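S.K.: Fold the following for me, if possible:
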Amino acid sequence: MAAPFCRKLFFRGSLYGLQIRSRTQPSPFLARGHRLGPTDDEMYQRTTVTVMQKETGGGPMILSYSSRGFNIDGNRVIGPCAMVPPAILQWNVGSYKDITIESLSLFYLLEPRIEVLVLGTGARTERLDPDVLAFVQKKGIAVEVQDTPNACATFNFLSSERRITAAGLIPPLTEIME
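M.R.: Numbers count the residues shown, from 1 in each chain. Next up, the predicted model:
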């Protein structure tokens, strides 16, 4: 047992300078088990963090496409798909004519809100209903409508820039690249 004059002291910052407090006094942070101060670390083991998945250079990348579907980061997706990173979902549209406010609801109901929605309409750039595009833009989402090959490239570019981007892609009818 240490002599009374040899008590260990520690310094704790305060608004008006340093306070000196004896280690024998209970810490106000220990009374609230969920809040620890800088000196409380001595009483517990040090915390370590292990990163399970290293951060990649950007978001998901579309590696290839065909008339059947897409290869997204090595995952084969058959038919139209909705890419809402980090998820890849089947998108229930048959052609660009099926792109409606309801079919786009997935994209504007998300949190955090996406910045850009890239729509690939197949082998050609098709004209979508202006009311549908205006509705999505009123929700604060920029919309890019392109043919699917260009939409894939645009999505990859925006993802690599770490923009919050989503895509609705319809496979082109003619096989262009595999």
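
S.K.: Not counting the helix ranked longest in the chain itself, show me its contacts.
M.R.: For the chain, the longest helix by residue count, based on DSSP state H, is helix 148-160. Contact with helix 148-160 is made by 57-62, 65, 70, 83, 85, 116, 118-123, 125, 144, 146, 165, 167, 169-172, 176-177, as judged by Cβ atoms under 8 Å, 6 or more residues apart in numbering. C-beta: built from backbone N, CA, C; applies to glycine.

S.K.: Sitting in strands, which of the residues you listed do you find?
M.R.: Counting by DSSP state E, the part of the contacts of helix 148-160 found in strands is 62, 65, 70, 83, 116, 118-120, 144, 146, 165, 167, 169.

S.K.: now the helices for this structure?
M.R.: In the chain, the segments counted as helices under DSSP H are 28-31, 105-108, 130-138, 148-160.

S.K.: Just send these back as TSV, with mean neighbour count too.
M.R.: Converted to TSV, these look like this (neighbours: other Cβ atoms under 10 Å):
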stretch	mean neighbour count
helix 28-31	12
helix 105-108	17
helix 130-138	13
helix 148-160	20
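
S.K.: so which of those helices gets nearest residue 78?
M.R.: Taking Cβ to Cβ, helix 148-160 is the member of the helices of the chain nearest to residue 78, at 14.5 Å.
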